[in-house]
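1. One predicted model, sequence on top.
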Amino acid sequence: MEKKKLVMIGNGMAGVRTIEELLKVAPEQFEITIFGKEPHPNYNRIQLSTVLQGDTNIKDIIMNDWQWYEDNNIQLFTNEPIAKIDAQQKQVVSDQGRVVNYDELIIATGSRSFILPIPGSDKQGVVGFRDIADCEEMIQTAKHNKKAVVIGGGLLGLEAARGLLNLGMTVDVVHLMPHLMERQLDAAAAKLLKNELEQQGMNFLMEKKTTEILGEDRVTGLRFSDNTEVEADLIVMALGIVPNIQLGKDSGLYVNRAIVVNDYMETNVNNVYAVGECAEHREITYGLVAPLYEQGKVLAEHLAGKQPKPYEGTIVGTQLKVSGVDLFSAGEIYEDETTKSIIVQNEFDGVYKKILIRNNSLAGIVLYGDTKDGNRLFNMLTSQEDVSGMTSVNILQGTCGAVDNSGDVASMPDSELVCGCNGVTKGTIVSAIKEQNLTSVEQVSGCTNAGRSCGRCKPMVADILAYTLGDQFDQTKQKTAICGCTTLSREDVIDEIKAKGLQTVKEVMNVLEWKNEEGCSKCRPAVNYYLGMIYADEYRDARDSRLVNEKMHANIQKDGTYSVVPRMYGGVTTAEDLKKIAEVAEKYNVPLVKLTGGQRIGLFGVKKQDLPAMWEDLGMPSGYAYGKTLRTVKTCVGATFCRFGTQDSMGLGIDLEKKFERLDTPHKVKMGVSACPRNCAEAGIKDLGFVGIDGGWEIYVAGNGGVDLRAADLLCTVKTKEKVMDISSAFIQYYRETANYLERTAPWIERMGFDHIKEVLEDENARKLLNERLDKTLKRYNEPWQEAIESKEIQDKYYVTR
Ligand SMILES: Cc1cc2nc3c(=O)[nH]c(=O)nc-3n(C[C@H](O)[C@H](O)[C@H](O)COP(=O)(O)OP(=O)(O)OC[C@H]3O[C@@H](n4cnc5c(N)ncnc54)[C@H](O)[C@@H]3O)c2cc1C
Ligand code: SF4
């Protein structure tokens, strides 16, 4: 049978995906010709941001190389735009005069950057951010110039700005609106984003309207409507996109904002279709690939005569590809009288989550700082799942009990979407792994497309691999960078620190060529922790690299005040200490005195400038209620007073707390000591729990009593307090040396395997060495508030209100 002639105008992401789908369902049906305006084969336009940010290069973002076209008998004309469509004759004419006949024609011409129509916008040094040429111009300009201005504080603008910072330029971002990414984020999330980006070095000029680009031939600056000016050697216009529709318009196609298509991507002209950003479906044009790929699949099946389900539109989710920024947004973002919202905000950790609910279904999602629930919530949004029976905790945290990543994966239904860009579900990935014996994320991407566009789902794909392969999963084949500032994993960073003898956070970032030389709020505290863990006795802590509460040695509260929680070893206090606390509470007008969950007394609502004097008056050590360290050892009253008690729980608790106080750990550590199995100190849900029995102690590990509830595992039973100290110390040191920063003991033990940890701790020699390294580290610590009281410099730097 003679093949039909299929011509496609545009060699971009949506168009070529349509051809890939077509080759799957009808490999022999068409003789295919593609015309591209750019000189390259099909590439991943999404990854231009990562090219600009230095994470990858042009070569690596090619999705279908020249060979692919040859292998599939596709005739490709690059650098040769189509200038005319003659729908009567069923012909296209290129700008070089080449005429090609078609039976079916796909228009996939995408969009171009919107360039502000203001005086001077045609000067040299003004670019959009759309293609390889724009990217190359920015990279070249950055080699000889210093100052860039990005107009537009949306997704593209911020990704461009991050790239230009990485290229060594100083960057102003000009934005017309009061907050960034106003179409994806509400004001609270946008504020966190702005803070993070300012810390990374971006300067924002908010609510500014650009009226003129200054300079002779080449740009030198820009002027705003309030008559202020800023200098610029390069201006990137990232204000949005305009669909490329002129060709369609000139050919008699029905065009509104873009080329209007029906549910099968058909235009009003027979045998002419439009797909991608140049198409308008049910009055919507899309600017992200997920819907465009869905359109491409429907069109391919329609062309192949497969009678696909109609394309009915897509709800899209947005993420930002900037290192150190974790955000996800989908659906509506602002409340109205018909919605109710669940909002969780944690300014210490820079986390904000908002869910909008209408008629018992999700209507919108805004996540900042922690997006691990993004896919699950997005599924709930798109499937309009009824959430009326769920509590707010269930909605935000998934089902109770699932703590570790493999647990999350296990509880995910097969239908759950993993890769939003490519519409790949967990079920598809699991089947591909099993049926095709896949062992790495790259192989899964190759077979299923998952992770092949923006790449954000790759960690989840790795979790699914680990879950599906079980014991056969080879961790060494999978590496996750510690944050977007580097491609190095935790293990790489630790190996490099050791091999090169790197001593400071700055040195690590310089020598290991961090893309963002200041690092971000994820990697700065992590690197500081790893250095402190490696150089047990001699490390000088980089206080400014720590998370805010640790830097301040106080827990910042919702209203900007702080809390003061003195140490009470084992939860045991004295009348004298109680008097001191009462006097301090009175003297400083402390609004709230409260017993905490860890058996301590907390003074809440304290002003920053009162902190040093209060601690001086108290004369007690800090309870570290804010730190990634040992928080509290909760004890029961034990054998001293309780008739059931078999052991001295308070004595052990006090000894443990005295030994481990102030020690840096990957995350907070809580302990509990009960003198009998009635377990009044709740030792079974602590990182380390001890339960007295006749003639000894049971040691439990890796419990968690928070949102991610986990019962601790019984590690061993020992006879003496000395043995308790020996094993607990080795356990803590092993956790310190092998956990990722910010990984609690519960997910750590799931990842490492309980049996493995038990085996290490049973080895006497290993335990001895772990104990030695821990003891060295413990010698390093001083009482932080004593230091602050004695140092005017510390007081001025951290506790003076200006
Ligand atoms: C920097 C950047 C980051 C992005 N990040 C994301 C992201 O994180 N997630 C996401 O989902 N999307 C992202 N996008 C958007 C995504 O890349 C687009 O939605 C997608 O590329 C659109 O595909 P398309 O085929 O419609 O258009 P394109 O990929 O633009 O392809 C159209 C092609 O047609 C060519 N063309 C135009 N006119 C003619 C003509 N007359 N003759 C021949 N060829 C012609 C164009 O030159 C172009 O090569 C990003 C885009 C950019 C620029
Ligand atoms: S755990 Fe046992 S010993 Fe401790 S207080 Fe409770 S009953 Fe008494």
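-> Yep, that arrived. Ligands and ions are numbered 1, 2, ... in the order given.
2. Indicate the residue of the stretch 151-300 of the chain located nearest to ligand 1.
-> residue 276 (2.4 Å; Cβ to the nearest ligand atom). The way it works is simple: take the backbone N, C-alpha and C, and place the C-beta from them, glycine included.
3. excluding its backbone neighbours, what's nearest that residue?
-> Spatial nearest neighbour of residue 276, chain neighbours left out: residue 14 (2.9 Å); criterion: Cβ to Cβ, 6 or more residues apart in numbering.
4. so how far is residue 705 from the one you found?
-> Distance, residue 14 to residue 705, using Cβ to Cβ, to the nearest Å: 49 Å.
5. These two: which has the busier surroundings?
-> Between residue 14 and residue 705, counting by other Cβ atoms under 10 Å, residue 14 is the more crowded of the two (27 against 18).
6. That one falls within a helix, correct?
-> Yes: when DSSP: H, G, I helix; E, B strand; the rest coil is applied, residue 14 is found to be in a helix.
7. was I right about it contacting residue 274?
-> No: using Cβ atoms under 8 Å, residue 14 makes no contact with residue 274, being 9.7 Å away.
8. List the beta-bridge partners for residue 592.
-> Beta-bridge partners recorded for residue 592 (DSSP bridges): residue 604.
9. Could you double-check that residue 283 lies in contact with residue 256?
-> Yes: between residue 283 and residue 256 a contact is recorded at 7.3 Å, counting by Cβ under 8 Å.
10. Any idea which helix or strand in this protein has the lowest mean pLDDT?
-> None of the helices or strands of the chain scores lower by mean pLDDT, DSSP states H and E than helix 405-411, at a mean of 61.
11. I'd like to know which elements whichever helix or strand comes after that helix is packed against.
-> Using DSSP states H and E, the helix or strand that follows helix 405-411 towards the C-terminus is strand 417-419. The contact analysis (3 or more Cβ pairs under 8 Å, 6 or more residues apart in numbering; DSSP states H and E) places strand 417-419 against helix 374-383, strand 424-425, helix 458-469.
12. May I ask you to name the longest helix in the chain?
-> Among all segments of the chain classified by DSSP state H, the helix with the greatest residue count is helix 721-738.
13. Could you check the angle the helix or strand following it makes with helix 721-738?
-> On the C-terminal side of helix 721-738, the closest following helix or strand by DSSP H and E is helix 745-752. Counting by axes from the mean of the first three to the mean of the last three Cα atoms, to 10 degrees, helix 745-752 lies at 70 degrees to helix 721-738.
14. Double-check that residue 174 belongs to a strand.
-> Yes: Residue 174 forms part of a strand when assessed by three-state DSSP.
15. What pLDDT is listed against it?
-> As predicted, residue 174 sits at a pLDDT of 98.
16. so how many other residues sit close to the residue of the chain found nearest ligand 1?
-> The nearest approach of the chain to ligand 1 comes at residue 12, 1.7 Å away (Cβ to the nearest ligand atom). By other Cβ under 10 Å, 26 other residues sit near residue 12.
17. related to what we said a few turns ago, list the contacts for the residue nearest to residue 276?
-> For residue 14, the contacting residues are 108, 110, 275, 276, 277, 289, 292, 293, 295, 296, by Cβ atoms under 8 Å, 6 or more residues apart in numbering.
18. Please enumerate the strands of the stretch 451-600 of the chain.
-> Taking DSSP state E, counting those that start in this stretch, the strands of the stretch 451-600 of the chain run over residues 555-556, 562-564, 592-595.
19. Give me the distance from the last one to the chain's centre.
-> Here the centre of strand 592-595 is set off from its chain's centre by 35 Å, with Cα atoms, centre = their mean, to the nearest Å.
20. Let me know the average pLDDT across it.
-> Throughout strand 592-595, pLDDT has a mean value of 96.
21. cool, and stretch 449-458?
-> Computed over stretch 449-458, the average pLDDT equals 80.
22. Which parts of the stretch 651-800 of the chain are strands?
-> Using DSSP E, counting those that start in this stretch, the strands of the stretch 651-800 of the chain run over 669-674, 688-693, 696-701, 713-718.
23. Please see if the first one touches ligand 2.
-> Spelled out, that is strand 669-674. Yes: contact of strand 669-674 with ligand 2 (Cβ under 6 Å from any ligand atom) involves residue 674.
24. which helices and strands does that strand pack with?
-> Short answer (3+ Cβ pairs under 8 Å, 6+ apart): strand 669-674 packs on strand 630-635, helix 649-660, strand 688-693.
25. Show me which positions of the last one end up buried.
-> For strand 688-693, the buried set under the neighbour-count rule, 16 or more other Cβ atoms under 10 Å, comprises 688, 689, 690, 691, 692.
26. What is the nearest of those residues to ligand 2?
-> Among the buried residues of strand 688-693, residue 692 lies closest to ligand 2 (Cβ to the nearest ligand atom), at 6.8 Å.
27. could you redo the strands of the stretch 651-800 of the chain as JSON lines and give each row mean pLDDT?
-> Formatted as JSON lines, those follow (pLDDT from 0 to 100):
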{"stretch": "strand 669-674", "mean pLDDT": "97"}
{"stretch": "strand 688-693", "mean pLDDT": "97"}
{"stretch": "strand 696-701", "mean pLDDT": "97"}
{"stretch": "strand 713-718", "mean pLDDT": "97"}
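28. Which one, of those strands, ends up nearest to residue 513?
-> With Cβ to Cβ as the criterion, residue 513 lies closest to strand 669-674 of the strands of the stretch 651-800 of the chain, at 33.4 Å.
29. Report the inter-axis angle for the closest one versus strand 688-693.
-> Going by the same axes, to 10 degrees, strand 669-674 makes 10 degrees with strand 688-693.
30. partners of strand 669-674 in the sheet?
-> strand 630-635 (parallel), strand 688-693 (parallel).
31. quick one: secondary structure of residue 164?
-> Per three-state DSSP, the secondary structure class of residue 164 is helix.
32. I'd say it and residue 138 touch.
-> Yes: the pair residue 164 / residue 138 is scored as a contact, 6.5 Å apart, by Cβ under 8 Å.
33. quick one: which of the two has more around it?
-> With neighbours defined as other Cβ under 10 Å, residue 164 and residue 138 compare such that residue 164 has more, 26 against 22.
34. Enumerate every residue touching that one.
-> 52, 138, 142, 148, 150, 171, 234, 236.
35. residues in this protein within reach of ligand 1, list them.
-> 9-15, 35-38, 45-46, 48-49, 81-82, 108-110, 129-130, 156, 244, 247, 276-277, 287-290, 292, 321, 421, 454.
36. Could you check how many residues crowd around residue 168?
-> Using other Cβ under 10 Å, residue 168 has 11 neighbouring residues.
37. Give me the common contacts of residue 164 and residue 138.
-> Common neighbours of residue 164 and residue 138, using Cβ under 8 Å, 6+ apart, are 52, 148, 234, 236.
38. Between which two of the residues you listed is the distance greatest?
-> The most widely separated members of those are 52 and 234, with 12.1 Å between them, by Cβ to Cβ.
39. Now for residue 716, how many residues are close by?
-> By other Cβ under 10 Å, the residues close to residue 716 number 16.
40. That one contacts residue 727, doesn't it?
-> Yes: with contact defined as Cβ under 8 Å, residue 716 reaches residue 727; the gap is 6.6 Å.
41. anything in contact with each of the two?
-> Residues touching both residue 716 and residue 727 (Cβ under 8 Å, 6+ apart): 699, 761.
42. if I read this right, residue 256 contacts residue 281, doesn't it?
-> No: at 10.8 Å, residue 256 does not count as touching residue 281 under the criterion of Cβ under 8 Å.
43. neighbour-wise, which of these two wins?
-> Neighbours per residue, other Cβ under 10 Å: of residue 256 and residue 281, the larger number sits with residue 281, 22 against 11.
44. Model confidence score at the spatially most central residue of the chain, please.
-> Nearest to the mean C-alpha position of the chain, by Cα atoms, centre = their mean, lies residue 326 at 3.3 Å. You'll see residue 326 listed with a pLDDT of 84.
45. same check, this time on the one 3 residues further on
-> In this prediction, residue 329 carries a pLDDT score of 93.
46. Show the contacting residues for it.
-> With contact taken as Cβ under 8 Å, 6+ apart, residue 329 is in contact with 181, 184, 185, 189, 317, 318, 364, 365, 366, 367.
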